[in-house]
Every structure is written in structure tokens, then in C-alpha cells.
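Engineer: This is the structure alone, sequence omitted:
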């Protein structure tokens, strides 16, 4: 079992920045991949950014150049730095990790953190 604790959401004006954190209860080296998803009002959950065990990253087209995903292995924490925020970035953001154990692959989710971009 993997517990994920997210923090860093809040209300920010357009053009502002926020950094989300996701602290895992296990070493990041035990995880196959980590990512941030978001779900806006009336929308499906979508992948925002991902980072794998080799630290390769991928981003949704809508956030490329504005968001950066990173990891701190010593703190077992994954971050999402969000710059130049837009109202359409408003959503609940979820941390997700994928772990392979004894031949099985499992997804774990954080509780979600609200990000609201509004003037």
C-alpha cells in the first residue's frame, strides 16, 4: 500500500504561480512512474504531467512551457511547479503513482488538492 499526501493548492490570480507537493509513504525508487492529473468542473480527469523511474518527463500540450514536474528522492516527494497560471487551469489536482509489486501493477491516488485561478 502507498499513501500519498498532497499539498500546495489554493487561490491564485491569473499569471501567478503555485507549487504542488506529493509526499509518498515509500521510496520513489520503488515506483514505476509518478504523475499529476487534474479534473475540472464537468470535465474528465486528464494527465497534466508525468515522470518515470528514469526521470523522463511528459506534459499535456496545454501546460508545456508553464508547468514542471520534478522529484526529490531524499524526501520521497514529487512536485508540480505551475507558472503563468490561467483560469482554465482551475481544477482539483491529483497525484498518482504506479508501482509494480510481485508481478502486479497498482495505481495509487492522492486525495486531491484544489487549484483555483481567478482574479
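Structural biologist: Done, it's in. Predicted model, so just to flag it, every value in this text is computed and none were measured. Numbering: from 1, shown residues only.
Engineer: So what's the predicted local confidence for the spatially most central residue of the chain?
Structural biologist: Of all residues in the chain, the one closest to the mean position by CA atoms, centre = their mean is residue 36, 2.4 Å from it. You'll see residue 36 listed with a pLDDT of 98.
Engineer: So what touches the one helix or strand it maps to?
Structural biologist: Secondary-structure assignment from DSSP states H and E places residue 36 in strand 33-39. Judged by CB atoms under 8 Å, 6 or more residues apart in numbering, the contacts made with strand 33-39 from elsewhere in the structure are 20, 22, 24, 28, 45-53, 69, 71, 78, 80, 89, 91-98, 112, 115. Using the backbone N, CA and C atoms, a C-beta is placed for each residue, glycine as well.
Engineer: In PyMOL, select just the buried ones from these.
Structural biologist: This is how PyMOL selects the buried members of the contacts of strand 33-39, with burial counted by 16 or more other CB atoms under 10 Å:
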select buried, resi 20+22+24+28+48+49+50+51+69+71+78+80+89+91+92+93+94+95+96+97+98+112+115
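Engineer: Among the contacts of strand 33-39, which lie within strands?
Structural biologist: Secondary-structure check on these using DSSP state E: residues within strands are 20, 22, 24, 46-52, 69, 71, 78, 80, 91-98, 115.
Engineer: how close does residue 56 sit to residue 98?
Structural biologist: If you measure residue 56 against residue 98 using CB to CB, to the nearest Å, the figure is 14 Å.
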